[in-house]
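J.: Everything below, folded, please.
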Amino acid sequence: MIAFRIDRHSGVAAYQQLINQVKSALRLGVLQPGDQLPTARQVVAETAVNPNTVLRAYRDLEREGLVDPRPGKGTFVRRSLARPEAGADSPLRAEFAAWLDRARAAGLQREDVLALVNDVVDGAAATEEEEEK
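T.: Down below sits the predicted model:
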C-alpha cells in the first residue's frame, strides 16, 4: 500500500500531490491493478489533510480511469502506468542510479538534482516541439 506525504511548502495543492504520488506509484509498478488505495480516513490520519481533499484526488483519478471506487469496500487500482523500461531491474534505471551516485559525489543535493533533471527534461520537450513544427 502507498504511504502519502504532503509537502506544505511545495506550492503544489495537496490533492494534486496525492494524484502525483499515485501516478508515480503506478508508473514505477509499486501499485498494480487490483491494489487498494488507503481509505480517505487513513490518508487524513497520516497527512492531516481535509477529507474532501482526499476525495477530490480520488475522484480525479477515477475520471482518468486509473482507479475504481467500490462503495463500502474502498478504492482500487484499475490500470497500471508501468513501463518495463522504468522497472526496478531495467538498464535505464541502473544507469540513472549510477549517474545519481556521481551527482551526489560531486556535491549536488536533492534540489540540485531535481532542478537539473527538470531542466534537461524541459529542454528535451522544447526540442521535440520545435521538431514537430
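J.: For the helix or strand bottoming out on mean pLDDT in the chain, C-alpha coordinates in CSV please.
T.: Taking mean pLDDT, DSSP states H and E as the measure, the chain has helix 110-132 as its least confident helix or strand, at a mean of 83. Extracted in CSV, the C-alpha atoms of helix 110-132 (Å, rounded to 0.1, in the frame of the first residue of the first chain):
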residue,chain,number,x,y,z
ARG,A,110,18.4,16.6,-3.9
GLU,A,111,17.1,20.0,-5.0
ASP,A,112,20.1,20.5,-7.3
VAL,A,113,19.5,17.1,-8.9
LEU,A,114,15.8,17.8,-9.4
ALA,A,115,16.4,21.2,-10.9
LEU,A,116,19.0,19.6,-13.3
VAL,A,117,16.7,16.8,-14.3
ASN,A,118,13.7,19.1,-14.8
ASP,A,119,15.9,21.5,-16.9
VAL,A,120,17.0,18.6,-19.2
VAL,A,121,13.5,17.2,-19.5
ASP,A,122,12.0,20.6,-20.2
GLY,A,123,14.8,21.2,-22.8
ALA,A,124,14.1,17.9,-24.5
ALA,A,125,10.4,18.7,-24.6
ALA,A,126,11.0,22.1,-26.2
THR,A,127,13.3,20.5,-28.8
GLU,A,128,10.6,17.9,-29.6
GLU,A,129,8.0,20.7,-30.0
GLU,A,130,10.3,22.5,-32.4
GLU,A,131,10.9,19.4,-34.4
GLU,A,132,7.2,18.8,-34.8
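J.: any idea which element the spatially closest residue to V67 that is not a sequence neighbour lies in?
T.: Using C-beta to C-beta, 6 or more residues apart in numbering and skipping residues adjacent in sequence, the residue nearest V67 is L61, 4.6 Å away. Heads up, the C-betas are built off the backbone N, CA and C, glycines and all. If you go by DSSP states H and E, L61 is part of helix 51-63.
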